[in-house]
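J.: below are the sequence and a predicted model; questions follow.
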Amino acid sequence: MPLFFTTGFGGRKLSEEAWGPKYLNTKETLIFKKRSTLYGESFVPRPQPPATAVIVEGYFDVIQLHKHKLFWAVSSLGTGVTIEHLRQASRHSRERAVTVNMDNDEAGFSAVLRACQSIFPTAMREGIDVRLAFLPPGVKDADSFLDGKSISDYVDQVLSPSQSWFLWYSKVLANDVNSIEGLSSLLHRLGGLLADSIPARKEGTGFVAKEYARTIARELADIFDRPEYEEETCKEILRSFWLKRTGGRFDPEQGRESKWDRKRGIGESAARSIVKGSIGTLPGWENANNSFIQRAELMLLRVIVQDRDIRRNCMEIVDRRGIKFAEDEHVRVFEWLKENAGDAGPDELFEEMSYERPVKDVHRYFFEFSATVDLEREVTKSLNAMEIRRSMNIISAVDVIVEEQMKVEHMEPRVATYVEELLSRRKELQMRIGTLHDELRNLDVLPDV
């Protein structure tokens, strides 16, 4: 029996005719939150995690599945699936995969549709593979399905035929199309949704997008019984994908990004962002992945976790100086700490973080410094190194923009103004880098950035 403690209570009415809500849970408290609590999670086997976790809707569904030895099933307390549920469940899967099997009724269908519009795209961006499983017609829920059937039947008839949420949602949207204009709108919408769902920093983005577009185009060609449209449908989805991903700087005549976009994926909007000092979406700084920067980011997070006196001031400095983390995982941990750390000590934070992430991943952020370590010095070193890398990547992006514009024979006045402002911004950044580098030299730290 796994160790666990009670965080809240939940109940379900036994008769559909009975008065009151179908599910009734404890009111939310500091330790009980419906949107991040999964019923049955305590019993999920940890030593040998399955390929995919399974989320069902109700308590009885989980009880019945566990009774049939499918212990990696959990439920969302009778509510719709949230991104927190998916993150929690994916921790118990060796492939970060979650299969969602809601009740076979209007409420379950509506919950899945809502999740397809925002929650599943977010999960996909975070690397969680969400699949949808559906019960046979006439079967209300997993509990009813297993009444008189084996777990093998459930696996073969429900889990095995599961499909990607994106593919299922595409087919659902296609059912409402009854005109050429409707089809064009659908393809544009799917391309945009795909751009929102594929991780922006994932290598091979174009390949992943193309595979999704091909699969969807094949399904839509079957639905509309027009196999001759498959190739054009694929191209149109990809066109909309790249239009969304590159901010509209796409050459439709060539069917690919322009030379400018292929080189950096940036354009006039990026130039404006640099001038304003807001560079959060610039691809240039995403390449900051050398080992010194990674260590600097990790050290900063460790200090924030360990020392509550330094924590708040450190977070304010990061925001004020516009410092960005290069590692996706470090970004997520920092945002989590901003929202949840407060004045909690290291032990409290470790326990809280362990509920949402694998313990082996949490351990690396908890490091007890010896009394001889100057934490203020470590924070200064980390912040300066991260800002130097950020500034150097902005300069690199500026150089690309200016180089491209200098090739134009007749530069428009507004573009010439942008170029002048960019060069001015570049000079400011170079001076700032010099100041930060001098501070690091005084700390006997000269990073290879």
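T.: Structure received. Numbers count the residues shown, from 1 in each chain.
J.: name the element residue 387 belongs to?
T.: helix 375-406 (DSSP states H and E).
J.: do the same with residue 239
T.: Assigned by DSSP H and E, residue 239 falls within helix 230-245.
J.: could I get the contacting residues of the most centrally placed residue in the chain?
T.: Taking C-alpha atoms, centre = their mean as the criterion, residue 126 is the residue nearest the geometric centre of the chain, at 2.8 Å. Counting by C-beta atoms under 8 Å, 6 or more residues apart in numbering, residue 126 touches 87, 199, 332. Any C-beta I mention is one placed from the backbone N, CA and C, and that applies to glycine too.
J.: hmm, the second one is touching residue 123, no?
T.: What it means is residue 199. No - between residue 199 and residue 123 there is no contact under C-beta atoms under 8 Å: 11.0 Å.
J.: more neighbours, those two?
T.: Shown here are residue 199 and residue 123; by other C-beta atoms under 10 Å, residue 123 has more neighbours (25 against 13).
J.: ok, for that one, nearest residue in space, not its chain neighbours?
T.: Once flanking residues are discounted, residue 123 sits nearest to residue 86: 4.6 Å by C-beta to C-beta, 6 or more residues apart in numbering.
J.: quick check on residue 157: phi, psi?
T.: Backbone torsions of residue 157, given as degrees, to the nearest 10, read phi -90, psi -20.
J.: need the pLDDT of it.
T.: Residue 157 is assigned a pLDDT of 92 by the prediction.
J.: name the element the residue lying closest to it once chain neighbours are set aside belongs to?
T.: For residue 157, ignoring the flanking residues on the chain, the nearest one in space by C-beta to C-beta, 6+ apart is residue 136 at 6.4 Å. Under the criterion DSSP H and E, no helix or strand holds residue 136.
J.: residue 136 touches residue 154, doesn't it?
T.: No - counting by C-beta under 8 Å, residue 136 stays clear of residue 154, with 10.6 Å between them.
J.: need the strands for the stretch 101-250 of the chain, in chain order.
T.: 129-132, 163-164, 250-251 (DSSP state E, counting those that start in this stretch).
J.: how about the stretch 251-400 of the chain?
T.: Taking DSSP E, counting those that start in this stretch to define them, one finds strands in the stretch 251-400 of the chain at 256-257.
J.: please work out which of the strands of the stretch 101-250 of the chain is packed deepest.
T.: With neighbours defined as mean count of other C-beta atoms under 10 Å, those peak in mean count at strand 129-132, which reaches a mean of 21.
J.: state the mean pLDDT of that strand.
T.: pLDDT averaged over strand 129-132 gives 94.
J.: name the strands paired with that strand and say parallel or antiparallel.
T.: strand 97-101 (parallel), strand 163-164 (antiparallel) (DSSP bridges).
J.: run a quick neighbour tally on residue 59.
T.: When neighbours are counted by other C-beta under 10 Å, residue 59 registers 18.
J.: compare residue 136 and residue 154 (neighbour count), which wins?
T.: Neighbour tally, residue 136 and residue 154, criterion other C-beta under 10 Å: the higher count belongs to residue 154, 23 against 10.
J.: quick one: that one and residue 147 touch, right?
T.: No - counting by C-beta under 8 Å, residue 154 sits too far from residue 147 to count as a contact (11.2 Å).
J.: state the distance from the residue nearest to the centre of the chain to residue 198.
T.: Counting by C-beta to C-beta, to the nearest Å, the gap from residue 126 to residue 198 is 11 Å.
J.: quick revisit: could I get the phi/psi values of the residue nearest to the centre of the chain?
T.: phi -90, psi 10.
J.: what of residue 67?
T.: As for residue 67, its main-chain torsions (degrees, to the nearest 10) stand at phi -60, psi -30.
J.: so which of the strands of the stretch 101-250 of the chain is nearest residue 385?
T.: Closest to residue 385 of the strands of the stretch 101-250 of the chain is strand 129-132 (C-beta to C-beta; 34.7 Å).
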